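Q: I would like to see how this sequence folds:
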Amino acid sequence: MLRHQLGELRRQVDRPEFTDADRSLLGAIAAALPRASRAGWLVTPDTLLRWRRRRIVGHWTQPQRPPGRPSTSAELRRLALRLAAENPTWRYRRIHGELRGLGHTIAASTIWQILNNAGIDPAPTRSKVPWSEFLRSQAAVACDFATIDSVTLRRFYLLFFIDIPTRTVYFAGITDHPTGVWVSQAARNLLVRYGHRLADARALVRDRGSQFIDAFDEIFRTEGCKVLKTPVRTPVPIQRSPNAGSAPFDASSSTAPSSGTATSSRGSSSTTSITTTRAGPTVHSTSDHPSPPTHQTSQIDTSKS
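A: As a prediction, this is how the structure comes out:
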């Protein structure tokens, strides 16, 4: 009966498929049984030996890597393309630096090849960034004080904020004595009233005034803004040149102002000029009134001192 059932199975299955576990089990059983007991198996003894040789070779063969450097992962390619799309002004070396900062090991030439294969032009020839997109990338809020003098010459300080992308100015408050507590409360009132309009702001630009205390900065940090302080003593006032507004040079006058020459006069009766030379400063004095020759011209030699 068993032989009949096995015969039926052989007629239904043309060629059975064995897994590695089946081959291992049959090989272990065949090694434990004598050769005479292996008759009638689904495989021949030569097949069992071939399986064993194949398993030994596969166990001691090291995995081979294809020639060349390993290919870049698809996730890293998508990340490089995303950085290029979201930052049109970034060159491939800037993208390479950002990826290295995130912990990815990749060459700059590979970034260039990825962008080139995707049909993305280099940054200088890429599509120009519209003004609206540029302002959106520079999403920040700046704050400062403006002064207003009343009729009675009383000075008031007006605190205002300007949204850089939209160029909208928000009035925060006015007082004659701005303190850190007052400025912090004015910032809270501003966010309560106009917080929905400033939701896209990512930074706050302010100067280093003593009115902006830590509580003021913490209010904007909780809203996800980074506080950026302007450099010390900026903007720098424009200083006029010392020679600005001086009289034009007169070639006929020996006391005309020039570099290294200082001139002072008292009325029209006397003129004194100091000329600096390699030998030292020389003082020349000229007066309309007669004076002894020894006092008309005096020279001071400081080269020995």
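
Q: Residue 105 versus residue 215, what's the distance?
A: Residue 215 sits 44 Å away from residue 105, going by CB to CB, to the nearest Å. Placement of C-beta: from N, CA and C, glycine included.

Q: ok, these two, which is more surrounded?
A: Here residue 215 and residue 105 are compared on neighbour count by other CB atoms under 10 Å; more neighbours surround residue 215, at 14 against 7.

Q: Now that one: which helix or strand?
A: helix 214-221 (DSSP states H and E).

Q: Tell me, how many residues neighbour residue 68?
A: 6.

Q: Repeat that for residue 121.
A: Residues near residue 121, counting by other CB under 10 Å: 12.

Q: ok, back up a step: hey, C-alpha coordinates of the helix holding residue 215 in PDB?
A: Provided in PDB are the C-alpha atoms of helix 214-221 (Å, rounded to 0.1, in the frame of the first residue of the first chain):
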ATOM      1  CA  ASP A 214      17.300  87.400  28.500                       C
ATOM      2  CA  ALA A 215      13.500  87.200  29.100                       C
ATOM      3  CA  PHE A 216      13.000  89.100  25.800                       C
ATOM      4  CA  ASP A 217      15.100  86.600  23.900                       C
ATOM      5  CA  GLU A 218      13.400  83.600  25.600                       C
ATOM      6  CA  ILE A 219      10.000  84.800  24.400                       C
ATOM      7  CA  PHE A 220      11.100  84.400  20.700                       C
ATOM      8  CA  ARG A 221      13.100  81.200  21.300                       C
END
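
Q: Next, the buried residues of that helix.
A: Within helix 214-221, the residues that qualify as buried by neighbour count (16 or more other CB atoms under 10 Å) are 216-217, 219-220.

Q: Check stretch 51-66 too.
A: In stretch 51-66, counting by 16+ other CB under 10 Å, buried: residue 51.
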